[in-house]
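Asks: Here is a sequence with its predicted model. Questions after.
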Amino acid sequence: GLVATYFVWQRLPSTFLPVEDQGYFFVVIQLPDGASLERTDAVAQKTRDILQNTPGVDIVGSISGLNFLT
């Protein structure tokens, strides 16, 4: 049992999060209650434009009308 435990322990990651950079991030835009979907889309488009013109950024996408944090 002790030998098996050692081999399993060797294969487990030593940190909670991977050390390597995954190369992506999320931005959440939250407008005031009652803001229309059209206004939200306009703000998202401005944000996409800024990100797409940022050196090192390859792909930008957005989804309006959903809250991924709740």
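Replies: Great, that's in hand.
Asks: pLDDT weak spots in the chain?
Replies: Along the chain, the model assigns pLDDT under 70 to residues 1, 13-19, 21, 68-70.
Asks: Helices of that one, residue ranges please.
Replies: Assigned by DSSP state H, the helices in the chain fall at 2-11, 37-52.
Asks: mind listing what's buried in the last one?
Replies: Residues of helix 37-52 classed as buried: 40, 44 (neighbour count, 16 or more other Cβ atoms under 10 Å). All C-beta atoms are positioned from the backbone trio N, CA, C, and that covers glycine.
Asks: Quick one: residues in contact with it.
Replies: 27, 29, 31, 57, 60, 61, 62, 64, 65 (Cβ atoms under 8 Å, 6 or more residues apart in numbering).
Asks: Could you dump the residues you listed into CSV and include neighbour count and distance to residue 3?
Replies: Conversion of the contacts of helix 37-52 to CSV gives the following (neighbours: other Cβ atoms under 10 Å; distance: Cβ to Cβ, whole Å):
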residue, neighbour count, distance to residue 3
27, 11, 48
29, 11, 53
31, 14, 59
57, 12, 48
60, 14, 50
61, 7, 48
62, 14, 52
64, 15, 55
65, 8, 55
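Asks: hmm, back to that, among the helices of the chain, which is nearest residue 22?
Replies: Of all those, it is helix 37-52 that lies closest to residue 22, at 16.7 Å by Cβ to Cβ.
Asks: Quick check on residue 55: phi, psi?
Replies: Per-residue torsions, residue 55: phi -60, psi 140 (degrees, to the nearest 10).
Asks: now do residue 63
Replies: Torsion angles, degrees, to the nearest 10, at residue 63: phi -140, psi 120.
Asks: Neighbours of it, how many?
Replies: A count of nearby residues for residue 63, using other Cβ atoms under 10 Å, gives 7.
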